[in-house]
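prediction below, plus the sequence it came from.
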Amino acid sequence: MKKIILGTLLALAPLSADIIVIQNATVMTEGPQGIFKGSVVVKDGKIAEIGEKVMVPAGAIIIEAGGQYLIPGIIDCHSHIAGSGGINEGSVSVSAMVNIRDIINPDDIAIYRALAGGVTTANILHGSANSIGGQTLPLKMRWGKSAQELIFAGATPGIKFALGENPKRSGNPQGGRGAATAPVARYPATRMGVEDVIREAFNDAKGYKADWDAYDAKVAKGEHPIPPRVDLKLQALREVLENKRYVHVHCYRADEILMMIRAAEDNGFKVRTFQHVLEGYKVAKEIAAHGAGASTFSDWWAYKIEAIDAIPFNAALMTKKGVLVSLNSDDAELMRHLNTEAGKAMKYGGMNETEALAMVTINPAKQLGIDKTVGSIEVGKDADLVLYDGFPMSDFAKVQKVWIDGTQYFDRDKEIAAQATKEAEKKKLLDKEKAAQKQQPTRRPNQ
Amino acid sequence: MAGPPSTVAIRNAKIVTVSGPVIAKGTVIVRNGLIEAVGENVTVPADAWVVDGEGMTVYPGLIDALSTVGIPGAAPAAAAAGGGGRGGRGNNAAPAQTAAPAAVATAPAERSWGPEDRPQTTSWLLAADELQAGDRRVETVRGSGITTAVTFPTRGIFAGQGSVIDLVSGEKAAEMVLVPAAGQYLSLGAGGRGGGGGGGGGGFPSSLMGIISYIRQLYLDAGHYKLVKDAYAKDPRGMQRPEYDRALEGLLASQRILLPANQLIEIDRMLRFGAELKQPMILYGAREAYRPEAVELLKKANATVLLSLRWPTPPARAAAADDEDTNESLRTLIERDQAPTAPAVLQKAGVKFALYSDGQDTPRDFQRAVKKAIDNGLSRDEALRALTLSPAEIYGIADRVGSIEKGKIANLVVTKGEIFDDRTTVVMVFVDGKKYTPAETAAPGGRGGAATDDPGQGGNQ
């Protein structure tokens, strides 16, 4: 039985079927089955069976993938795509009240481009303009679906923190270009100040939590007190204290990483991931001991002074010291070839292909707490799959097909075939507009 | 002895009542500002001044469901947002170039450090209190046959409440007011790069998500404020008194909110947001309401929509040069092509909607904009309803305006030819029973301020 959903002109129609069999592929599972040549059976959006020989159900869609590679959908632990109206609320030192969830933009073409680069899940983060930024969440790259349908169901939400240059950059409340009026300096202006902002915020959050706990206790006793005021900013930090929200920390230098670990441990919460973490190799043991993950760049380096000590061996060295490491993009363009970013770890640091690919699949899945459903090709997991025409970490490999939850959202051949139709449609509309403009009388001068 | 006649009879005219069947040849009696009688066989009172309506048609006065007319400072000098499609941010936050009365300006432009500073909030304002009887736009707009406007303060995130006004030219602005509090106007485009206008001062909020979180916080605060105030009113002994907060008072006093939503994703976002806030809401803008997904969402939510008549236009650059290398997306082109079909689409789907001029003040621009909707599938009757009875129903004033019925306010348009046609002339307009004759060529009252807010899509960083 085939179900075909007709997409709009704009979205390439996602195809879903009850049963799909991808056969004769080299399957890099990133799970217990390692790498093998064989088939993957997808049923009801989940991986139903994998192996060299599988039972092919009647009526299944067969994808012949001889000579091709199948990998789990790529997961980007640090992305800023798919948001409307800015991803930095940089006007204040603590913007924990804002939430990426409110501004998901499913029309952002970067989603489709990421998809075409094999990305199926991305952790959409607030920017790094302030010490404590906004609330974040992972999305699935279900191009063509509505904002709510992109949300990774059941994933623990996060919050962005930032250390160092960006949050302390004084005199520019926007944390970047674009301030139209004379900017008013915003605290903090030093790394000491960044630490102070974080510690003070958690002092406030503890007080807030105490107020609510006291209220809840009274209610439990059958009393009817007036509840405390809901403060969206402190509410998000309370969730951090209650382990209901992951902390993702933008950082570079070893000293500030240690500072963050101390600040977190003093306040009784954990850093879930250090992001960028370019000097992580210097304090890898401490990061591992705290239990944080590290999401870094492959070899992006020296774009600012605090990134000067970056080395391309960072990922491999941190891994050797027991840190769970992923590679991220932080960038809509880089996001399209995270596969080759992973490949670089094979050159720098001597990782094998499974270890390297893990850094853009199962490792970020673990960091985001979504590894029960994604990150590897295992029976029972979501059928988020990418088919490459060659070894996936090669520069020459091209994504052929991408499935999310067993629904095909990208097909290279179909995309290429559809381009001419879209061009023709565009020309038709432009011609129509030009013809209409010629007909219309010119406007009166007083307008 | 001067003074306008208190009783007028328009006879032998075609009467389009909107609420009932068209009367091919009949009489309307106006007395003391109200419609005294309408019908085929109505006796003309002895004291009435008589207008011979032979060859003319009488319509109910048009209602502009979202306007800034009557508030001179509200009109930004810059052209309105809306032409640019994707990527265009609302310009309505631009500071007024005119010497606007200070009363309309929003909170002092001090830098805001968070929701507690109540940034860009003048929720306590009432348009009725800001009206200027001498606003030149009143006459210009009336030339289109618009007799009633729901006029709003539009600057800031919580701009204040709109008021329903009749477009009379008098000495006292208070004479214009039909309903002083018609709903709170919210905009989402006032933040962003550098804070925009409206006294943002470059502080919080500076992003769309900041604005949304601010609105959410303010409604949470309003709920808490009410709780505490009520408890204090019940028994103040032993309780610290709640601090008076005019921003929250403004929210609590508003019986409905107007939220901007042009694109499909904004319609989706705002329908959810309004439901979350538990406020009766009206969406305004609705440029992508033609899309089937949008219609479905609007229907499901049983939404009320104010549709902007400012249809998207090609950028000037493309029009000037025969630009083959236009980098506009297919989607933008489709939007421009399809946007004027939105009224017909909503009509067919049974979504409650009204049209609004969106700052297109001159009769020529207004007529042309309505005609475009008609050319794109909306029937003339439906267009008329979307500018008369439908907005009256939306604002709960259908018992006094919106149709030609006995007992309603005598707001009438008398035309030669069918309304909204190229060659039709508005012969006279009655507002509160007072007769006005449009100038031969409408006074260049200046482009009105577009009320549409475009939260913009260009914000990816």
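Now that the structure is in, tell me what you want to look at.

for the chain, which spans come out with low pLDDT?
By default, I'm working from chain A. For chain A, the stretches flagged by pLDDT under 70 are A:1-17, A:170-184, A:440-447.

switch to chain B, that's the one I care about
In chain B, residues with pLDDT under 70: B:1-3, B:74-109, B:190-201, B:317-326, B:440-461.

for the residue most central in space within it, which non-adjacent residue is closest in space?
Geometric centre of chain B, nearest residue: B:Leu66, 0.3 Å, by C-alpha atoms, centre = their mean. Leaving aside its sequence neighbours, B:Leu66 sits nearest to B:Tyr356 (C-beta to C-beta, 6 or more residues apart in numbering or on different chains; 4.0 Å). Yep, even glycine has a C-beta here, placed from its N, CA and C like the rest.

please tell me how far that neighbour sits from B:Pro153.
16 Å (C-beta to C-beta, to the nearest Å).

also B:Asp365?
To B:Pro153, B:Asp365 is 23 Å away according to C-beta to C-beta.

between those two, which is the more surrounded one?
Remark: of B:Asp365 and B:Pro153, B:Pro153 carries more neighbours, 29 against 21, as counted by other C-beta atoms under 10 Å in any protein chain shown.

contacts only, for the nearest residue to that one once chain neighbours are set aside.
Distances taken as C-beta to C-beta, 6+ apart put B:Gly160 closest to B:Pro153, at 4.0 Å, once the chain neighbours are dropped. For B:Gly160, the contacting residues are B:Thr122, B:Ser123, B:Trp124, B:Leu125, B:Leu126, B:Ala127, B:Phe152, B:Pro153, B:Gln184, B:Tyr185, B:Gly250, by C-beta atoms under 8 Å, 6 or more residues apart in numbering or on different chains.

ok so B:Gly160 is a strand residue?
Yes: counting by DSSP: H, G, I helix; E, B strand; the rest coil, B:Gly160 is found in a strand.

partner residues bridging it?
B:Tyr185 (DSSP bridges).

and what of the one 4 residues further on?
Note on B:Val164: beta-bridge partners B:Val150, B:Val179, judged by DSSP bridges.

what's the burial count for B:Pro4?
If you count neighbours by other C-beta under 10 Å, B:Pro4 ends up with 9.

wait, I meant B:Pro119
For B:Pro119, the neighbour count with other C-beta under 10 Å is 33.

the nearest residue to it once chain neighbours are set aside and B:Ser357, how far apart?
Excluding the flanking residues, the one nearest B:Pro119 by C-beta to C-beta, 6+ apart is B:Ser112, at 3.4 Å. Using C-beta to C-beta, B:Ser112 is found at 32 Å from B:Ser357.

more neighbours: these two, which one.
B:Ser357 (29 against 25).

may I see the buried residues of the longest helix seen in chain B?
Counting residues, the longest helix found in chain B (DSSP state H) is helix B:208-234. By neighbour count with 16 or more other C-beta atoms under 10 Å in any protein chain shown, helix B:208-234 contains the buried residues B:208-225, B:228-229.

what does stretch A:210-227 give?
Buried residues in stretch A:210-227, defined by neighbour count with 16+ other C-beta under 10 Å: A:Asp211, A:Trp212, A:Pro227.

now the residue located most distally from the centre of chain B: which helix or strand?
Each residue of chain B has a distance to the centre, and by C-alpha atoms, centre = their mean the biggest one is for B:Gly238: 46.9 Å. Using DSSP states H and E, B:Gly238 sits in no helix or strand.

coming back round to it: filter the buried residues of helix B:208-234 down to the ones close to chain A.
B:208-214, B:216-217, B:220-221, B:224, B:228 (C-beta under 8 Å from any C-beta of the partner chain).

of these, closest to chain A?
Closest approach between those and chain A, by C-beta to the nearest C-beta: B:Leu208, at 2.5 Å.

please name the nearest non-neighbouring residue to the closest one.
Leaving aside its chain neighbours, B:Leu208 sits nearest to A:Gly85 (2.5 Å; criterion: C-beta to C-beta, 6+ apart).
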